[in-house]
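> coords please:
(2 chains)
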Amino acid sequence: MTLILAVDDSRTMRDMIHMTLKSAGFETQLAEDGQHGLEVLDGIEPDAIITDINMPRLDGFGFIDAIRKRDGSRSIPILVLTTESAEELKFKARNAGATGWIVKPFDPAKLVRAVQMVTG
Amino acid sequence: MSDPNDPMAEIRASFFIECEELLEAAQDGLQTMQDGAADDETINQVFRAVHSIKGGAGAFGLEELVSFAHQYETALDDVRSGKFTPNEDAMLLFLGCCDLLADLVDSARDGTDMDAARVESLLTQLRDVVGIEEEEEVSADEFEVTGISFDLDLPDLPDADAEPAPTPVYDILFAPNDDLYGLGNEPLFLIRALAALGELELQCDYSAIPDIEQFIPGTAYMSWSLTLETDAPEADIHEVFEFVDGLGKIEIREQGAPPSDPTETTEADEIAQNPNPPAEAELQAPASAGSDPAPDQTGTEPSSEEAVPPAQAALTKKPQKSNGDGGKGAPATVRVDLERIDRLVNLVGELVINQAMLSQSVTEADLPPNSAVAHGLEEFMQLTRDIQDSVMMIRAQPVKSLFQRMSRIIREASGAVGKTVRLRTEGEATEVDKTVIERLADPLTHMIRNAVDHGLESTDARVAAGKPPEGIVSLTAAHRSGRVVIEVSDDGGGINRPKVFDIAVSKGLIPADAQLTDSEIDNLLFLPGFSTATEVSNLSGRGVGMDVVRSAIQALGGRIVIQSEPGTGTTFSISLPLTLAVLDGMVVQVAGETLVVPLNAIIETLTLAAEDIRALGPETNVVQIRGQFVPLLDLGAELGFREPLESYVGGIVLLIAHENGDRAALVVDSIHDQRQVVIKGLQDSYGHVPGVAAATILGDGQIALILDPVDITAHASGRTNQAAPALSNAG
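Alright, predicted model coming up:
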């Protein structure tokens, strides 16, 4: 089964991502900030990662940077969940090393489509 | 959303719970900032809390909440980035915004309307003070608010089988640059997504792949020419390339259409010629290091790169120690539906009753005290008690959230009366039953408003009295001998007793010549209809007096007392039971009925001697207890079990005290014992029965009513038999 790691400091958001992906047949692992995400990554090899940007301890940019620097996770597709508008975001996310982006507010169909796009 | 099995309803409910936590965090942070004890992380914490509320609200289409949170967040972001340094006024504004945000959350949850003018007024202030710009795009496309529905029969991708009209054919050129791979993209998936749109033919140009010695991992050597026959709109094709737009050359042209729109490729070309420098450097690093025998970047197959050399694998693969949401960093808590806990509390109540019945049977069976059954039973009793305590603890919550609400009341109240007031809290971690906390909110709000409005002097009067201009209202909570004590105190002028006395006289509450102690005067405040404000202020004078506060506290099984010192202030102490589920009671017998009287109402029990009883009028008696005359109430007669007794000499009375100092002596036939009883509400089945608080089931399976002594004395007829000498004859 395709495994997705979702990192968000909002419990509501984690719940929604989890529920959406589960219904679409994905398996999820959840983490509540970048630091926690990296710890979880020590034990799993997800097929894609979804991450929020604004988080305590280690934010999304730092998290992505760390992932892209680690041999084991360098090329995992990463989707950024963000409230920022498209153009600005695209460059920010790309500069940070993200594969794609999902603009909040949360839309389950969009999320599933984005995840399918990067996991095949 | 109304379907209880609807996962969205559950997440929505969880969102609002999270909002409460986030608001608490935001308020904590703002308070810390106001106290000048903030560090960089403090404002981040506040910002994130507001940001998360906005994010969740957006998902549920809560537009008003999103819109306000967005602008509030923008202002906080200015603080965070150092663009704006808040002074004291700005901090008050931020706290006010936090209050409004809380109200918006409430109104979103309850589906009530918000006062738009209030929202607008705070937004205007935010713009004026912080200088944030008026944002129009919040509700526009940029931040489109869409409610979500969980229709997860998602079409995989737009369907391809449609009308058999001439199907458009597109020529697509896709030549990725290096960045595409570095960012975790996989051309194969894109090609698959295109194939899902219709008939796809492709040609791969891999002529650029060099010999293995020159091969640089992470470099884009391949490009594709594709022909797609599809009825799907062209936008769908563009959507496939959304994430890789700009990461190479992408040309999409419909066959037979005029030569491609020049803008189609220029952007991509530009970016292709100017690849993203950091990503490139990073990708080439392993190859240039040269020591890596099996470069893990293959360029064309990013997903197969898990072939990490064993040594490296050992370094990077640690045992899985974190499991999703319950992992490290997460507070070790579970959220449980309150209904489930209540059911558990009820079941434990049954268990306690059952255990008591079992104990009674064993006692009646006359088993030797050292028998296995007796030992087992003792352990069973202990376990039952432990389980009961543990279950009650589940319902317990710190009073912190309640206290936080009061800090807001202080802000509003002090603003309304033009006094400077600071709230001091202590014992916020003290835990109290959740229901008690909920039901304390109203009385506490009223007391806090009173303290600000009536308790504290005006700033001028304070200065004149040599006090600091800023008034202090303290709110403390503590556990004391099995009860929770909550105190509201102010450092104001104390109760103006002569004034209170005069008002009580003028309202006909007491005779003008009444001789009252200080404490009795203070307690006049609790009389219904009493109000010390000569003019009804718009703050505390809302027709709710301290009598309502007292009844609310009493309804919780609590007591309230006043202590006041002229010139230094007033303290109201509320003492409450830890739980509403069990009660310490005295089991008594009246006219063959077994009744339970709450222990906290009983001051003492005594046996009546003939000389203690005096008649007062034809049908009523009073009892002399330590020099004071107390009305004698025949419980059997008051409850309608029987006619008043002929004589009360030798009878047993329970001396009952009201919070206001009133006393009454209740005559009972006998006292069984004192014990903890499980409260079983009667309200649902019988409504309010005067004099009866609830019921319980005793160890022998008998049902006993739990009396409300205050209610009984309030409704008492006072009818007793006139067998005693009249009061006037008393020596």
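
> residue in chain A nearest to chain B?
Of all residues in chain A, the one sitting closest to chain B is A:Gly43 (2.7 Å; C-beta to the nearest C-beta). No exception for glycine: its C-beta is placed from N, CA and C like everyone else's.

> so what's A:Glu27 scoring on pLDDT?
Confidence at A:Glu27, expressed as pLDDT, is 92.

> centroid-nearest residue for chain A?
A:Ile50 (1.1 Å; C-alpha atoms, centre = their mean).

> residue ranges in chain B under the pLDDT threshold?
Per-residue confidence for chain B (pLDDT under 70) gives these ranges: B:1-7, B:132-165, B:257-332, B:481-482, B:529, B:531-544, B:579-580, B:658-661, B:683-684, B:718-731.

> could you chop it up by domain?
What the record gives for chain B is the domain set B:7-143, B:169-278, B:339-394, B:399-577, B:582-729, from automatic domain parsing.

> distance between stretch B:16-23 and the chain's centre?
Distance of stretch B:16-23 from the chain centroid (C-alpha atoms, centre = their mean, to the nearest Å) equals 7 Å.

> can you check stretch A:11-23 too?
Taking C-alpha atoms, centre = their mean, one finds the center of stretch A:11-23 at 12 Å from the center of the full chain.

> and what of stretch B:352-364?
Using C-alpha atoms, centre = their mean, the offset of stretch B:352-364 from its chain centre is 39 Å.

> for that stretch, which positions count as buried?
Neighbour counts using 16 or more other C-beta atoms under 10 Å in any protein chain shown place B:Val352, B:Ile353, B:Gln355, B:Ala356, B:Met357, B:Leu358, B:Ser359 of stretch B:352-364 among the buried residues.

> contacting residues for the closest residue to the second one other than its chain neighbours?
In space, B:Ile353 comes closest to B:Ile697 once its chain neighbours are excluded; the distance is 4.6 Å by C-beta to C-beta, 6 or more residues apart in numbering or on different chains. With contacts defined as C-beta atoms under 8 Å, 6 or more residues apart in numbering or on different chains, B:Ile697 is in contact with B:Ile353, B:Val678, B:Lys680, B:Ile703, B:Ala704.

> give the buried subset of these as a ChimeraX selection command.
Selecting the buried subset of the contacts of B:Ile697 in ChimeraX, with 16+ other C-beta under 10 Å as the burial test, is done by:
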select /B:353,678,680,704
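
> chain A: which of the contacts of B:Ile697 is nearest?
B:Val678 (35.1 Å).

> just put the domains of chain B in JSON lines and tack on distance to A:Leu79.
Listed next are the domains of chain B as JSON lines, based on distance: least, C-beta to C-beta, whole Å:
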{"stretch": "domain B:7-143", "distance to A:Leu79": "15"}
{"stretch": "domain B:169-278", "distance to A:Leu79": "8"}
{"stretch": "domain B:339-394", "distance to A:Leu79": "36"}
{"stretch": "domain B:399-577", "distance to A:Leu79": "35"}
{"stretch": "domain B:582-729", "distance to A:Leu79": "51"}
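
> right, and B:Val391 touches B:Val345 too?
Yes - applying C-beta atoms under 8 Å, one finds B:Val391 in contact with B:Val345, separated by 5.6 Å.

> contacts only, for B:Thr430.
B:Pro398, B:Val399, B:Ala477, B:Ala478, B:His479, B:Val484.

> let me know the closest of those residues to chain A.
The nearest one, if we look at the contacts of B:Thr430 relative to chain A and count by C-beta to the nearest C-beta, is B:Pro398, at 19.4 Å.

> and that closest one, its phi and psi?
phi -70, psi 150 (degrees, to the nearest 10).

> would you mind writing the CA trace of the host helix or strand of A:Gln29 as PDB?
A:Gln29 is located in strand A:27-31, with elements delineated by DSSP states H and E. This file holds the C-alpha atoms of strand A:27-31, laid out as PDB (Å, rounded to 0.1, in the frame of the first residue of the first chain):
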ATOM      1  CA  GLU A  27      -1.800   4.400   4.300                       C
ATOM      2  CA  THR A  28      -0.700   7.400   6.500                       C
ATOM      3  CA  GLN A  29       1.800   8.100   9.200                       C
ATOM      4  CA  LEU A  30       1.300  11.400  11.000                       C
ATOM      5  CA  ALA A  31       3.800  13.700  12.700                       C
END
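
> given that strand, what are its sheet partners and their directions?
According to DSSP bridges, strand A:27-31 has the following sheet partners: strand A:3-7 (parallel).

> residues in contact with the partner strand?
Applying C-beta under 8 Å, 6+ apart, the contact partners of strand A:3-7 are A:14, A:17-18, A:21, A:26-34, A:36-37, A:40-41, A:44-52, A:55, A:60, A:63, A:115, A:119.

> quick one: the helices in the stretch 351-500 of chain B?
Shown for the stretch 351-500 of chain B, the helices assigned by DSSP state H, counting those that start in this stretch span residues B:372-395, B:400-417, B:434-450, B:459-464, B:497-506.

> okay, these in JSON lines with mean neighbour count next?
As requested, those are exported to JSON lines (neighbours: other C-beta atoms under 10 Å in any protein chain shown):
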{"stretch": "helix B:372-395", "mean neighbour count": "14"}
{"stretch": "helix B:400-417", "mean neighbour count": "19"}
{"stretch": "helix B:434-450", "mean neighbour count": "21"}
{"stretch": "helix B:459-464", "mean neighbour count": "13"}
{"stretch": "helix B:497-506", "mean neighbour count": "15"}
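
> buried ones from the contacts of strand A:3-7, can you make that a PyMOL selection?
For anyone working in PyMOL, the buried entries among the contacts of strand A:3-7, judged by 16+ other C-beta under 10 Å, can be selected with:
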select buried, chain A and resi 14+17+18+21+26+28+29+30+31+32+33+34+36+37+40+41+46+47+48+49+50+51+52+55+60+63+115+119
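
> among the contacts of strand A:3-7, which are in helices?
Among these, the members falling in helices are A:14, A:17-18, A:21, A:34, A:36-37, A:40-41, A:60, A:63, A:115, A:119 (criterion: DSSP state H).
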